[in-house]
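Participant: The sequence and its predicted three-dimensional model are supplied below.
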Amino acid sequence: MAYSDKVLDHYENPRNVGTLDKNDPNVGTGMVGAPACGDVMKLMIKVNDSGIIEDAKFKTYGCGSAIASSSLVTEWLKGRTIEEAYAIKNSEIAEELALPPVKIHCSVLAEDAIKAAVADIKAKQAAKVTA
Amino acid sequence: MSLNYFELFGLEPIFNIELAALESNFRKIQSESHPDRFVTAPAAEKLSAMQQATLANEAYLSLKNPANRAKYLLELQGITAISETNTAMPTDFLMQQMEWREATEDAVSAKDITALDSLLAEIRVEAKSLQDSLTSLLDVQKDYTAATDATRKLIFIDKVSEDINRAIEQIDI
């Protein structure tokens, strides 16, 4: 199957690969997995006190489209608020990367990773308020 | 009415099937529907024998592999274990997957077959324990929700094993 140029670019030069300090109260982690293809994706975001994402890192084991989807979203996330991040739709990711129908689930994985990371940071913030 | 895969092989629809019975019933259907036996048969019979052989192949592959068998049993209950839009898995399970993936990557770059073999052994223990719980969840407790979770995990584990096996082959060459 032919990958689009954008997928290849992200696959060959993935942006923001790595991890952030998971114990940092300002860091949210999203872990998701797709049993259908065995892909695992970990997305970490660092949020400042105004709720803006300062940094994003990912680690993905999966096909080129899964890696490209997560690489792309780390670029998109920086500078956005967590609400804006939460609103990112998999269709936007799929469209940007020109994913074929059989690879749409990779963009679903990336969207779900964002949602999981945002949920994690919100849970951490709520814990901080009650503490 | 068409037969389900278990009925096709005359098996009880359970997870803990007798693999020997599956094997021998599959061979029997295979030989009965073999094209050589239909060389002079009318076209309609040829076609139906071919369809029977294809169905038997498909059914055999679905039932032979434990993860596929569990998935199929759940399908018979109207449950789709694997959907592309369901990416939620327990975090500790995904962490474990990540660790296995990382360890595989390290071992591959070090061309360390011993490390890959021991990873495979560790993963096999996990697969075995999931299969044991599937026997109890599907055949005894009929707890299809828990069985769906276990099936999803087993499919994941199958993928990791496949990747490690492929890595070992590549290093071996």
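Facilitator: Okay, I see it.

Participant: list the helices and strands the longest helix along chain B packs on?
Facilitator: Counting by DSSP state H, the longest helix found in chain B is helix B:144-172. Other helices and strands packing on helix B:144-172, by 3 or more C-beta pairs under 8 Å, 6 or more residues apart in numbering or on different chains; DSSP states H and E, are helix B:66-76, helix B:91-109, helix B:113-134. C-beta: built from backbone N, CA, C; applies to glycine.

Participant: now it, how far from the chain's geometric center?
Facilitator: Relative to its chain's centre, helix B:144-172 lies at 10 Å (C-alpha atoms, centre = their mean, to the nearest Å).

Participant: and it, which residues are buried?
Facilitator: B:144, B:147-161, B:163-164, B:167-168 (16 or more other C-beta atoms under 10 Å in any protein chain shown).

Participant: what's the answer for stretch A:82-102, then?
Facilitator: Of the residues in stretch A:82-102, A:82, A:85, A:88, A:90, A:93-94, A:96-97, A:99 count as buried by neighbour count, 16+ other C-beta under 10 Å.

Participant: Okay, and which of the residues you listed map to helices?
Facilitator: Per DSSP H, the buried residues of stretch A:82-102 map to helices at A:82, A:85, A:90, A:93-94, A:96-97.

Participant: can you tell me the helix or strand for the closest residue to residue B:84 other than its chain neighbours?
Facilitator: Nearest residue to residue B:84, sequence neighbours excluded (C-beta to C-beta, 6 or more residues apart in numbering or on different chains): residue A:105, at 3.7 Å. According to DSSP states H and E, residue A:105 maps onto helix A:104-130.

Participant: So which elements touch that helix?
Facilitator: Applying 3+ C-beta pairs under 8 Å, 6+ apart, one finds that helix A:104-130 contacts strand A:27-34, strand A:39-47, helix A:64-77, helix A:82-86, helix A:90-97.

Participant: could you redo those as JSON lines and give each row mean pLDDT?
Facilitator: Output for the helices and strands packed on helix A:104-130, formatted as JSON lines (pLDDT from 0 to 100):
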{"stretch": "strand A:27-34", "mean pLDDT": "94"}
{"stretch": "strand A:39-47", "mean pLDDT": "95"}
{"stretch": "helix A:64-77", "mean pLDDT": "96"}
{"stretch": "helix A:82-86", "mean pLDDT": "96"}
{"stretch": "helix A:90-97", "mean pLDDT": "96"}
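
Participant: I'd like these laid out as a markdown table, including distance to residue A:128.
Facilitator: Formatted as a markdown table, these follow (distance: least, C-beta to C-beta, whole Å):
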| stretch | distance to residue A:128 |
| --- | --- |
| strand A:27-34 | 12 |
| strand A:39-47 | 12 |
| helix A:64-77 | 21 |
| helix A:82-86 | 14 |
| helix A:90-97 | 30 |
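
Participant: Those residues of chain A touching chain B, which are they?
Facilitator: Contact residues (C-beta under 8 Å from any C-beta of the partner chain) of chain A with chain B: A:31-38, A:40, A:42, A:59, A:61, A:104-105, A:108-109, A:112-113.

Participant: List the single closest residue to residue A:77 in space, sequence neighbours excluded.
Facilitator: Spatial nearest neighbour of residue A:77, excluding adjacent residues (C-beta to C-beta, 6+ apart): residue A:56 at 4.3 Å.

Participant: Is that neighbour in contact with residue A:30, as I believe?
Facilitator: No. The pair residue A:56 / residue A:30 is not scored as a contact, 10.3 Å apart, by C-beta atoms under 8 Å.

Participant: So which residues on chain B come close to chain A?
Facilitator: B:81-85, B:87-89, B:91, B:93-95, B:97-98, B:101, B:152-153, B:155-156, B:158-160, B:163.

Participant: buried set for stretch B:20-32?
Facilitator: B:22, B:25-26, B:29.

Participant: now, which of the residues you listed lie within strands?
Facilitator: Among these, no residue falls in strands (DSSP state E).

Participant: tell me which of those is nearest to chain A?
Facilitator: For these, the residue nearest chain A by C-beta to the nearest C-beta is residue B:22; the value is 24.0 Å.

Participant: need the contact list for the closest one.
Facilitator: B:9, B:11, B:60, B:63-64 (C-beta atoms under 8 Å, 6 or more residues apart in numbering or on different chains).
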